[in-house]
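Asks: After the sequence you'll find the predicted model.
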Amino acid sequence: MQNNSNRTTITIVLIVLIVITSFATGLATGSIVKNNPIRMALGYDKVYTGSGSDGTCPVCVCPNEDGDIVGLECDPCPAIQFGADAGKCSEYVSSSTPRELQTLFKPFWESWGYLHKHYVDQPLDDVLLMRGAIEGMLAATGDKHTSYMDPHTYEQANAEMEGSYTGIGAWVNTSGDYVEIVSPMKGSPAEEAGLKPKDIVIAVNGKDTTGTAGDIVLQSILGPAGEVVVLTIRRGDEVFDVSITRRVIQIPVVDYEMLEGDIAYIALYTFNDKAVEQVENALNDLMPQNPKGLIFDLRDNGGGYLYAAIDISAMFIKEGVILYEEYGDDTRDTYRADGNAIAPNVPMVVLINGGSASASEIVAGALQDHGRATLIGEVSYGKGSVQSWIDLSDNQGGVRITIARWLTPNGNQIAEIGLTPDIEVPYTEADFEAGIDTQLNAAIEYFKK
């Protein structure tokens, strides 16, 4: 009997010990995890100030490492997640903002909340607000090439590199105060209408574009094939309207031929995903004909892929640096010729003008610095910076961010400066009207000396 009593007593004691141990373990664990009901009950976390009795969201504050109360939103705010006032709090209180950025972003979320609470025209388009916030953030860098593109604009921008799109057929710069024509494409409606590099679009279909983001203006220029768009152009001090019928634009890549006097001619219009192959094909066709000179025409070529510029430069340069890519932390990437040049020795002239930009300037600058070619024409555009095009998640468009600048092999910067030709030859309006290509003629005469 005594033994049974002892066993009962021991069993009760063990049960009590297990219960106490479990409670202590749970209490200890709860006291470690921030912003949970146990820590709040123990007084480790001050949940919020203000009772929310007036129907407003309570102010959520948390202690710092020293136990002092600081005005930081808890992540997540216990008053919202667990408290009785949870239903009073706005959905715009962001518990996803990283702790180290909560103080910085507090004015943003306050503004977001006030806008939704007080703005006269409700409901607001949250997607539009979000995109506007991204646009403003990127514009604040002061770099005209760093920008946001909504999904449709991003799709169109990438389509231009992939072979075809619907529009007027011009490469444009959308990063300034107005859309600027970099160059019309050969045989395009833009070229047929007489658009020229540096033309500024100040209105579309009679609507002033002042203060409108370039990417938005671009959408009004693009449109269904067969429809007419009226562009108001500013060219120097002259302002005039141009009516252009949109059509499906097949992006031209390469034209080539053998000119009189055994001079090879290659015109490259864009550095897209077909450019390397087509330039290589042109050289493989022309070089066996033993030309005494090669004219490489990069006029009005607005650029394209970096890899295409590197690979095409390497077709003419045996060895050495083609380009330096310089980053914000003063580090550099160096791009060199791969030693597999197709035409390393044929005398060369490269034609450039104000529409030669970006990848065109990489190639022309490398050939000029290596003494591999003579540049003839006019000062190039001066687009010597690197933009990374980054897809945003959930098909929400993309951002274009300047991440580096390009330097020629001699360390010369291209951005905002451009390349100065060795032989400057203007191409005047009178020459254009008369159908006389003074720059091409100058290149041909160069090989006759």
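Replies: All right, it came through fine.
Asks: which residues in the stretch 101-250 of the chain form strands?
Replies: Counting by DSSP state E, counting those that start in this stretch, the stretch 101-250 of the chain has strands at residues 147-149, 164-167, 170-173, 179-184, 200-204, 207-208, 228-235, 238-245, 247-250.
Asks: Can you pull out the low-pLDDT segments for this protein?
Replies: For the chain, the stretches with pLDDT under 70 are 1-96, 153, 156-164, 175.
Asks: Centre-most residue in it?
Replies: residue 400 (1.2 Å; CA atoms, centre = their mean).
Asks: going on from the helix or strand encompassing it, what's the next piece of helix or strand?
Replies: Assigned by DSSP states H and E, residue 400 belongs to strand 398-407. For strand 398-407, the following helix or strand on the C-terminal side (DSSP H and E) is strand 423-424.
Asks: helices and strands around that next one, which ones?
Replies: strand 374-377 (3 or more CB pairs under 8 Å, 6 or more residues apart in numbering; DSSP states H and E). Heads up, the C-betas are built off the backbone N, CA and C, glycines and all.
Asks: The following helix or strand past the strand it packs on vs strand 398-407, what angle?
Replies: Per DSSP H and E, strand 374-377 leads on to strand 385-391 as the next helix or strand towards the C-terminus. Put simply, strand 385-391 runs at 160 degrees to strand 398-407, going by axes from the mean of the first three to the mean of the last three CA atoms, to 10 degrees.
Asks: Make a markdown table out of the strands of the stretch 101-250 of the chain and add mean neighbour count and distance to residue 297.
Replies: Shown next, in a markdown table, are the strands of the stretch 101-250 of the chain (neighbours: other CB atoms under 10 Å; distance: least, CB to CB, whole Å):
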| stretch | mean neighbour count | distance to residue 297 |
| --- | --- | --- |
| strand 147-149 | 24 | 30 |
| strand 164-167 | 18 | 22 |
| strand 170-173 | 24 | 16 |
| strand 179-184 | 25 | 12 |
| strand 200-204 | 20 | 25 |
| strand 207-208 | 11 | 36 |
| strand 228-235 | 17 | 24 |
| strand 238-245 | 13 | 25 |
| strand 247-250 | 16 | 19 |
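Asks: Tell me which of the ones you listed sits nearest to residue 408.
Replies: Smallest distance to residue 408 across the strands of the stretch 101-250 of the chain (CB to CB): 20.1 Å, for strand 179-184.
Asks: Please identify the pairing partners of that closest one and their relative orientation?
Replies: With DSSP bridges as the test, strand 179-184 is paired with strand 170-173 (antiparallel), strand 200-204 (antiparallel).
Asks: Let me have these in CSV, adding distance to residue 380 as columns.
Replies: Output for the strands paired with strand 179-184, formatted as CSV (distance: least, CB to CB, whole Å):
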stretch, distance to residue 380
strand 170-173, 14
strand 200-204, 19
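Asks: closest one to residue 260 among the ones you listed?
Replies: strand 170-173 (30.9 Å).
Asks: wait, residue 300 sits on residue 269?
Replies: Yes. Using CB atoms under 8 Å, residue 300 makes contact with residue 269 at a distance of 7.5 Å.
Asks: tell me, what's touching those two both at once?
Replies: By CB atoms under 8 Å, 6 or more residues apart in numbering, residue 300 and residue 269 have these common neighbours: residue 186.
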